[in-house]
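Q: Give me the fold of what follows.
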Amino acid sequence: MEVKYYSQQKLLLFKITEEIDECKVKNIRRRADYEIERFMPKRVIFDFDRVTFMDSSGIGMVIGRYKQAAMLGRKGRTYKFN
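A: Residues are numbered from 1 along each chain as shown. Sure thing, here's the model as predicted:
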């Protein structure tokens, strides 16, 4: 997973480039939580353009990060989900 923070727009972008299954969700969740708390962005974007597979644990991880961003008063959205 690639993480980029754009300070001008206070935008945090997660480019996920791997399959999202139960084994990988824990690491993605941990890293996303850390980066959201670290940068406190106004917007959080998940780019799923290169994701070829996502199981239900991956969907739960995305919903959880959306709720986390909302609790911090941030806007979250998904981007390029194929």
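Q: Now do the helices in this structure.
A: 22-39, 56-71 (DSSP state H).
Q: Can you tell me, leaving aside adjacent residues, what's nearest to Arg31?
A: In space, and not counting its chain neighbours, Arg31 is closest to Met1: 6.3 Å by CB to CB, 6 or more residues apart in numbering. Placement of C-beta: from N, CA and C, glycine included.
Q: and the gap between Phe53 and Ala69?
A: According to CB to CB, to the nearest Å, Phe53 and Ala69 sit 24 Å apart.
Q: Which one's more surrounded, the two?
A: Set Phe53 next to Ala69 and count neighbours by other CB atoms under 10 Å: Ala69 wins out with 20 against 9.
Q: Hmm, Val44 and that one touching each other?
A: Yes - counting by CB atoms under 8 Å, Ala69 does reach Val44; the two are 4.8 Å apart.
Q: Now for Leu12: which residues touch it?
A: Counting by CB atoms under 8 Å, 6 or more residues apart in numbering, Leu12 makes contact with Val3, Lys4, Tyr5, Tyr6, Glu35, Ile36, Phe39, Pro41, Arg43, Val44, Ile45.
Q: With Asp47 as the reference, measure out to the first one.
A: Read that as Val3. Val3 is 11 Å from Asp47, by CB to CB.
Q: Check the contact lists of the two and give me the overlap.
A: Counting by CB under 8 Å, 6+ apart, the residues touching both Val3 and Asp47 are Leu13, Phe14, Lys15.
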